[in-house]
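Enquirer: no FASTA, just this:
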């Protein structure tokens, strides 16, 4: 019984560390984004609060706490208040199945650096990510504001369109590792990262992720010029901050998942000898992906809505189906011939297929100017 | 295995604490001076005309329907993908046929113009 309490305490501490880590990560991700974006635009960025602006997130938080919160008279009050909570919770719990490092010995106990090693971790991620759509559509609807409603509906259509490519992106690593558990998938990448076998799969997964978290160039639900602020137009103060938080935590989460699926998770040189290096490698990889997200935002203009749907359905979805098919064929060839070199059939054939389809689908995605 | 779900349950209990705190603390600290002008619907300073909760474009519904079909089929691919390396050739061919049926469905929807946005 004492053992059980120890376990329970351990897992409570780990959960709290994960959640507070994510919240802290969110705070500094906003600063990171503003700084990097400023540098892209030849500006300096926030530099007043503390040295190099490192206290800026704290200043922002204090400002938001002391802001008056408005609820529009016409809004559906209960849903209006519940919607931000529904949006944040999935973002906070999604990383529970991701391993941050190998097992570590601390205080004479073996501590695993993940909350839970579910054997259906991939399904867990897919289902949790789809819950956050509800928060956004409910926020848009309950505001009783035309911009917000349009933003909410747009966001739903966009998220479900890209979820197909996202789901198929998971299938590649599952085929290669034969496991739905993320711990299993990371272990299967001991020698070769799946990125090398699945370059097209990783690319599609990444693009679909950008659309899934409503990041530029797919930030249609919050297109300032068209919809003011999209689904959170009517939100102010901490409720607005919760939406903001959900978006940025989801950025961290999808980067972490992409790293786990395709880039070896916490794996790197010398990890088996020094387990402490695991979380460090993981952090470096995640930050690299977050930088990529900011870079994309600084570089690409927003895509038009009809092209956004066409891009998802006519380009990403067929390519990801072909990717799954060719991966299956490649692994089948390894099984038949018994020669592991056939695994390299997968990247070669998928890249060729990608180039072929994108060449022919260009016209379909660009569409006519109606 | 049951333990793993227990840990998910634990984080599910802990996770809502923060957002709920974030809603309660400003209630105490933030000023509260409501006025009818403040709580009007925000539409860039112009008074709203008409109702917001109206019928919207049917195309969103079409896309939702297509999504539902394909999403279920993708979930069916998962068990096949896990067991792939131990499957006999028959099951492999069957899985590939299944993907080809998916492709046929996509081509049908495409030809029927369901993927056009106008």
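Expert: Thanks, I have the structure now. Note that the structure is predicted; figures quoted are calculated from it, not measured.
Enquirer: Could you list the low-pLDDT ranges of chain B?
Expert: Counting by pLDDT under 70, chain B has low-confidence residues at B:1-2, B:118.
Enquirer: Tell me the helix or strand right after the helix or strand hosting residue A:19.
Expert: If you go by DSSP states H and E, residue A:19 is part of helix A:2-40. Counting by DSSP H and E, the next helix or strand C-terminal to helix A:2-40 is helix A:56-65.
Enquirer: For that next one, name the packing helices and strands.
Expert: Applying 3 or more C-beta pairs under 8 Å, 6 or more residues apart in numbering or on different chains; DSSP states H and E, we find helix A:56-65 packed against helix A:2-40, helix A:237-262, helix B:17-29. (C-beta placed from N, C-alpha, C; glycine too.)
Enquirer: quick one, which of these is nearest to residue A:178?
Expert: Closest to residue A:178 of the helices and strands packed on helix A:56-65, according to C-beta to C-beta: helix A:237-262, at 14.1 Å.
Enquirer: now check the closest one, is it near chain B?
Expert: Yes: if you take C-beta under 8 Å from any C-beta of the partner chain as the test, helix A:237-262 does meet chain B, through A:237-239, A:241-242.
Enquirer: Can you verify my assumption that residue A:160 contacts residue A:133?
Expert: Yes: because the distance of 7.4 Å satisfies C-beta atoms under 8 Å, residue A:160 is recorded as touching residue A:133.
Enquirer: Buried residues in the helix holding residue A:19, which are they?
Expert: Residues of helix A:2-40 classed as buried under the neighbour-count rule (16 or more other C-beta atoms under 10 Å in any protein chain shown) are A:10-11, A:14-15, A:18-19, A:22-23, A:25-27, A:29-36, A:38.
Enquirer: same check, this time on stretch B:19-39
Expert: By neighbour count on 16+ other C-beta under 10 Å, the buried set for stretch B:19-39 is B:19, B:22-23, B:26, B:30.
Enquirer: In this structure residue A:252 contacts residue A:29, no?
Expert: Yes: with contact defined as C-beta under 8 Å, residue A:252 reaches residue A:29; the gap is 6.6 Å.
Enquirer: mind checking the longest helix of chain B?
Expert: As assigned by DSSP state H, the longest helix anywhere in chain B is helix B:58-83.
Enquirer: So which other helices or strands are in contact with it?
Expert: Judged by 3+ C-beta pairs under 8 Å, 6+ apart, helix B:58-83 is in contact with helix A:121-142, helix A:146-177, helix A:317-337, helix B:89-111.
Enquirer: any idea which residue sits dead centre in chain A?
Expert: residue A:254 (1.9 Å; C-alpha atoms, centre = their mean).
Enquirer: Could you list which residues are in contact with it?
Expert: Under the criterion of C-beta atoms under 8 Å, 6 or more residues apart in numbering or on different chains, the contact list for residue A:254 reads A:209, A:212-213.
Enquirer: next one: residue A:113
Expert: The contact partners of residue A:113, taken as C-beta under 8 Å, 6+ apart, are A:99-104, A:266, A:278-279.
Enquirer: between the contacts of residue A:254, which is nearest residue A:153?
Expert: Distance to residue A:153, by C-beta to C-beta, is smallest for residue A:212 among the contacts of residue A:254, at 16.5 Å.
Enquirer: and chain B, what are its domains?
Expert: Chain B is divided into the following domains under automatic domain parsing: B:2-39, B:58-112.
Enquirer: Check the gap between residue B:27 and residue A:68 for me.
Expert: Distance of residue B:27 to residue A:68, computed by C-beta to C-beta, to the nearest Å: 11 Å.
Enquirer: Can you tell me the SS state at the closest residue to chain B within the stretch 251-370 of chain A?
Expert: Per C-beta to the nearest C-beta, the residue of the stretch 251-370 of chain A with the smallest distance to chain B is residue A:306, at 3.9 Å. With DSSP: H, G, I helix; E, B strand; the rest coil as the basis, residue A:306 sits in helix.
Enquirer: Could you grab the helix/strand/coil label for the residue lying closest to it once chain neighbours are set aside?
Expert: Nearest non-adjacent residue to residue A:306, counting by C-beta to C-beta, 6 or more residues apart in numbering or on different chains: residue B:117, 3.9 Å away. Three-state call for residue B:117 (three-state DSSP): coil.
Enquirer: Tell me if I'm right that residue B:117 and residue A:312 touch.
Expert: No: with contact defined as C-beta under 8 Å, residue B:117 does not reach residue A:312; the gap is 10.4 Å.
Enquirer: quick one, which of these two is more surrounded?
Expert: The neighbour comparison of residue B:117 against residue A:312 (other C-beta atoms under 10 Å in any protein chain shown) goes to residue A:312, with 25 against 18.
Enquirer: Could you check how far that one is from residue A:250?
Expert: According to C-beta to C-beta, residue A:312 and residue A:250 sit 18 Å apart.
Enquirer: which bits of the stretch 101-250 of chain A sit near chain B?
Expert: Residues of the stretch 101-250 of chain A found near chain B (C-beta under 8 Å from any C-beta) are A:115-119, A:122-124, A:126, A:141, A:143-147, A:149, A:153, A:156-157, A:160-161, A:163-164, A:167-168, A:170-171, A:174-175, A:178-180, A:228, A:233-234, A:237-239, A:241-242.
Enquirer: Drop anything exposed from the residues you listed.
Expert: Looking at those with 16+ other C-beta under 10 Å, the buried ones turn out to be A:115-118, A:122-124, A:126, A:141, A:143-147, A:149, A:153, A:156-157, A:160-161, A:163-164, A:167-168, A:170-171, A:174-175, A:178-180, A:228, A:233-234, A:237-239, A:241-242.
Enquirer: coming back round to it: ok and the helix holding residue A:19 relative to helix A:237-262, angle-wise?
Expert: Here the directions of helix A:2-40 and helix A:237-262 differ by 100 degrees (axes from the mean of the first three to the mean of the last three C-alpha atoms, to 10 degrees).
Enquirer: ok, helix A:2-40 near chain B or not?
Expert: Yes: legend: contact between helix A:2-40 and chain B by C-beta under 8 Å from any C-beta is shown at A:8, A:11-12, A:15-16, A:18-19, A:23.
Enquirer: so where's chain A shaky on pLDDT?
Expert: Regions of chain A meeting the criterion pLDDT under 70 cover residues A:1-3, A:108, A:221-225, A:363-370.
Enquirer: again, 90 this time
Expert: For chain A, the stretches with pLDDT under 90 are A:1-204, A:206-248, A:250-251, A:254, A:258-285, A:293-294, A:296-370.
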